[in-house]
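My questions concern the predicted model and sequence given below.
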Amino acid sequence: MHIMEGYLPLTWCIIWFVISFIIVAFGIYQIKKIVDETPESKALLAVSGAFMFILSSLKLPSVTGSCSHPCGNGLGAALFGPAVTAVLATIVLLFQALLLAHGGLTTLGANIFSMGIVGPFVAWIVYKGLTKANISSTIAIFFAAFLGDLLTYVATSFQLAFAFPAPTFGSALTKFLVIFAVTQVPLAIGEGILTVIIWDRLKAYKPKLLDKLGALAPNEA
Amino acid sequence: MKFDMDYIAHNNELSETNPYFKLFLTIILLIVTLALDNLYFDIFIFIVMSIVILAIAKINYRSYLKFLTIPMAFLVITCIFLIFFFGKGDVIYETGIFGIVVTTDSWHYGIYTFFRVMGCLPSLGFLALTTPIAKIFHCLDTMKVPKILIEIGLLMYNTIFIFLNEIDTMQKAQKTRMGYNSYMNSMKCLADLISNIFLRSLDKSETLQNSLDSRGYAGELPVYVPPKEE
């Protein structure tokens, strides 16, 4: 969920910008290292970023009829790792603000934190943890996408509760969680199923590529 | 057209004016609006920027309304939510349903948030609707934003439009073959589409790299800046 332009008070805008800046800077440093080693990967990164943007512009079919789109966090994080995904998400969010009026410039920091950092990071940990435990990568990717999506909304709820702690932080958080996170559960399951189908196709067509990116479970490689 | 905003950004009365000016004006206006958090100032900015967008940049009012509608819809919902479910303090209105009340606090939150967003949206719109993305990236480049970020951004921007055309073709092909006619079917179609796009994107990235290499790409995309007209 994009927090819209002007929704957060100035102090919180600055706080989220600072936090996101540190992590994105680390991601840029990592990308620089990757590009220095293999200059060809720049085009791959750019195209993957475009892929993430395109994903967010496709509508996910949902039962309730509410409009929602896949965020591709799980897929991105499982393929490229969280630091790189954070940088790509930063550019994607900037494009979304300027091309689609989703999100905004002042809330960019907060949006990067919830969608570009928390989501992919959770997805990556879940994915790596499950594949390490010898669980098939198809099941792992479902939980990665599901939890990555859900935790993004939980993070947004936290951010909003920090900004509007009325009457207390705790009660505001519960309300935001009920509104955002609980309604998001069916959508997160939808994204999980979608990601599993995509993952199946990828495993069938390009197993070598997934292996090269180190994205497959050890017993499948 | 899906990205009307990109077309508008390239075709309006202000798209050739100095991008630095537009970028800084937007950022300063946004920060001032947030910092002052004053209802009258928010309305003032909303009116002034709307006049700038409609009268000076000569952007079609329909496009501008379209730009405003989606965020506005969300805004109204969230502000109603803020007004009815938040805050403590003196009760100023009782709905009589489940003890839901409007308090001074929640009223304050809801109204201030609503007008803050109202003030900020046209400022964002000013930048988004009058400045092409490539120019914004060029500005950022001269402001010491890491080169690698700018390059990936620019390459990405070009690729997005190639993908959009492909998706359009693919979706039409799927729809003419009974795609998207039930929930599970649309899930499958969408997954087909996305995995296909992903595989295509890998091929594309290889082609892109080859075409860049064959034109002497050494990690920098030089941009032609036309000399100022006297």
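Right, received. Where do you want to start? These figures come from a predicted structure and were not determined experimentally. Numbers count the residues shown, from 1 in each chain, chains lettered A, B, ... in the order given.

Now do the same for B:Gly219: its pLDDT.
Looking at B:Gly219, its pLDDT stands at 67.

Sorry, slip of the keys, the one I care about is B:Thr113.
If you check B:Thr113, the pLDDT there is 85.

quick check, distance from the helix or strand where it lies to the centre of its chain.
Secondary structure assigned from DSSP states H and E places B:Thr113 in helix B:104-130. Using CA atoms, centre = their mean, to the nearest Å, the mean C-alpha position of helix B:104-130 is found 15 Å from that of the whole chain.

same thing with stretch A:117-137?
13 Å.

Buried residues, stretch A:43-60. List them.
Using 16 or more other CB atoms under 10 Å in any protein chain shown as the test for burial, stretch A:43-60 gives A:43-58, A:60. The C-beta positions use only the backbone N, C-alpha and C, and glycine is treated the same way.

elements contacting the biggest helix by length in chain B?
Counting by DSSP state H, the longest helix found in chain B is helix B:183-214. When contacts are defined as 3 or more CB pairs under 8 Å, 6 or more residues apart in numbering or on different chains; DSSP states H and E, helix B:183-214 packs onto helix A:41-57, helix A:183-205, helix B:147-176.

returning to what we had before: let me know the next secondary structure element after the helix holding B:Thr113.
Criterion used, DSSP H and E; the element after helix B:104-130 is helix B:133-142.

how about that following helix: buried residues?
Here helix B:133-142 shows B:Ile133, B:Ala134, B:Lys135, B:Ile136, B:Phe137, B:His138, B:Cys139, B:Leu140, B:Asp141 as buried, counting by 16+ other CB under 10 Å.

For chain A, see how far away the third one is.
What it means is B:Lys135. To chain A, B:Lys135 is 11 Å away according to CB to the nearest CB, to the nearest Å.

give me phi/psi at B:Asn38?
phi -120, psi 130 (degrees, to the nearest 10).

Revised request: answer the last question for A:Asn134.
phi 70, psi 30.

Which of the helices or strands spans the closest residue to chain B within chain A?
The nearest approach of chain A to chain B comes at A:Gly6, 2.8 Å away (CB to the nearest CB). Element membership of A:Gly6 [criterion: DSSP H and E] is none; it lies in no helix or strand.

neighbours around the closest residue to it other than its chain neighbours, how many?
Distances taken as CB to CB, 6 or more residues apart in numbering or on different chains put B:Cys120 closest to A:Gly6, at 2.8 Å, once the chain neighbours are dropped. B:Cys120 has 29 neighbours, counted by other CB atoms under 10 Å in any protein chain shown.

Compute the inter-axis angle for the helix holding B:Thr113 and helix B:133-142.
Interaxial angle, helix B:104-130 versus helix B:133-142 (axes from the mean of the first three to the mean of the last three CA atoms, to 10 degrees): 100 degrees.

so which residue of chain B comes closest to chain A?
For chain B, CB to the nearest CB, closest residue to chain A: B:Cys120, 2.8 Å.

Tell me if I'm right that that residue and B:Leu30 touch.
Yes - with contacts counted by CB atoms under 8 Å, B:Cys120 reaches B:Leu30, the gap being 5.7 Å.

Could you see whether chain A lies near the worst-scoring helix or strand of chain B on mean pLDDT?
Between all helices and strands in chain B, the lowest mean by mean pLDDT, DSSP states H and E belongs to strand B:91-94, at a mean of 69. No - shown here: strand B:91-94 not in contact with chain A (CB under 8 Å from any CB of the partner chain), separated by at least 12.8 Å.

Tell me which other helices or strands that strand touches.
Taking 3+ CB pairs under 8 Å, 6+ apart as the contact cut, strand B:91-94 packs with strand B:101-103.

Adjacent strands (with direction) for the strand it packs on?
strand B:91-94 (antiparallel) (DSSP bridges).

Off-centre distance for the strand it pairs with?
So, by CA atoms, centre = their mean, the centroid of strand B:91-94 is 37 Å from its chain's centroid.

Number of residues surrounding A:Leu8?
28.

Could you pull up the contacting residues of it?
A:Trp16, A:Thr106, A:Thr107, A:Ala110, A:Gln159, A:Ala163 (CB atoms under 8 Å, 6 or more residues apart in numbering or on different chains).

so who does the residue nearest to A:Gly6 touch?
Shown in contact with B:Cys120 (CB under 8 Å, 6+ apart): A:Glu5, A:Gly6, A:Gly104, A:Thr106, B:Leu30, B:Thr33, B:Leu34.
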